[in-house]
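Enquirer: could you work out the structure for the sequence below:
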Amino acid sequence: MATSHNKARLPANPTLKEINWYKKQLNWGELPPFYHMVSQSLSESENLLEHGFDTAIKRLLDKRNWNLKTLGGQEDHNGIIHCDNKPRIGLHQSFTERGFELSAYAYAGDEKIRHYVRDNAKMEFDVWDPATMEHVIRIGQLHKFIAFFFDNGDEADKALIIHAHKVVHDTVELLRRELNVQAYNGVSIKEFYKMCEKHHNAGGSEFALARLMEPDDYNHKE
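Expert: Below you'll find the model as predicted:
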């Protein structure tokens, strides 16, 4: 490795841009395709609120879709909506064959709503549309990237994984502030990382690693 590469250092709490820069210093000015793909996916998740198009977060926070009657809300003469309560949601983290996902679901009374529902008096959203509201964050192929890190990774790869965990944490904290998060469960990035580390140190196979990933049917304890 060149001397200039040895001088490269990451700050204590690096941004994604700084991590990408550091990765280039370790890789002769290039971002490897696999790293670049995960970094791009993470960048999209990190800037969800800044995107001009609709995202699941924007739809969840859109008070125009809140059931104001159920939540004790009203719209004033300036068109500003005021609510005594916030709509309830549940959050679930999982690793699938696509990567990492943070998903949301609604409530109607005590029932969890994961399918399309409109105008349910007990539900705290006017419309719950999984196609546009369920998938809060997706980080493509993160499970494979974490496994790759333990075989061939470097400090930049680890920093990218840690940054992914922080992005999810910050997103969940935002949703906790703005909504009434009733449940938050599943397998976090940190937990999956530690399980991969354990399997790697024990000489685990790729098949054993795949068993750590949850199926898509939400068969989990709450």
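
Enquirer: name the residues of stretch 104-113 that are buried.
Expert: Using 16 or more other Cβ atoms under 10 Å as the test for burial, stretch 104-113 gives 104, 105, 106, 107, 108, 112, 113. In short, each C-beta sits where N, CA and C put it, glycine included.

Enquirer: swap in stretch 74-93?
Expert: With burial defined by 16+ other Cβ under 10 Å, the residues of stretch 74-93 counted as buried are 83, 86, 87, 88, 89, 90, 91, 92, 93.

Enquirer: can you redo the buried residues of stretch 104-113 as TSV with distance to residue 152 and pLDDT?
Expert: Shown next, in TSV, are the buried residues of stretch 104-113 (distance: Cβ to Cβ, whole Å; pLDDT from 0 to 100):
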residue	distance to residue 152	pLDDT
104	34	98
105	37	98
106	42	98
107	44	98
108	47	97
112	40	97
113	43	97
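
Enquirer: ok, residue 180 - contacts?
Expert: Taking Cβ atoms under 8 Å, 6 or more residues apart in numbering, we find residue 180 in contact with 85, 86, 87, 88, 89.

Enquirer: show me these that map onto strands.
Expert: Per DSSP state E, strands hold the following members of those: 88, 89.

Enquirer: average pLDDT for the longest helix along the chain?
Expert: In the chain, ranked by residue count with DSSP state H as the criterion, the top helix is helix 155-178. Per-residue pLDDT values over helix 155-178 give a mean of 96.

Enquirer: now swap in stretch 193-207 and tell me
Expert: Rounded mean pLDDT across stretch 193-207 is 77.

Enquirer: ditto for stretch 67-74
Expert: The model assigns stretch 67-74 a mean pLDDT of 95.

Enquirer: quick check: closest non-adjacent residue to the residue nearest the centre of the chain.
Expert: Relative to the mean C-alpha position of the chain, the nearest C-alpha, by Cα atoms, centre = their mean, is the one of residue 137, at 3.6 Å. Spatial nearest neighbour of residue 137, excluding adjacent residues (Cβ to Cβ, 6 or more residues apart in numbering): residue 102 at 4.0 Å.

Enquirer: just residue 171 next, same as before
Expert: residue 137 (6.0 Å).

Enquirer: what of residue 41?
Expert: Nearest to residue 41 is residue 140, by Cβ to Cβ, 6+ apart, at 4.3 Å.

Enquirer: ok, that neighbour - contacts?
Expert: 37, 38, 41, 98, 99.

Enquirer: kindly report the same for residue 22.
Expert: 8, 9, 10, 14, 155, 156, 159.

Enquirer: for the fourth one, grab phi and psi.
Expert: Going back to what we said before, that points to residue 14. Phi and psi for residue 14, reported as degrees, to the nearest 10, are phi -70, psi 150.

Enquirer: was I right to think it contacts residue 158?
Expert: No. With contact defined as Cβ atoms under 8 Å, residue 14 does not count as touching residue 158 (11.2 Å).
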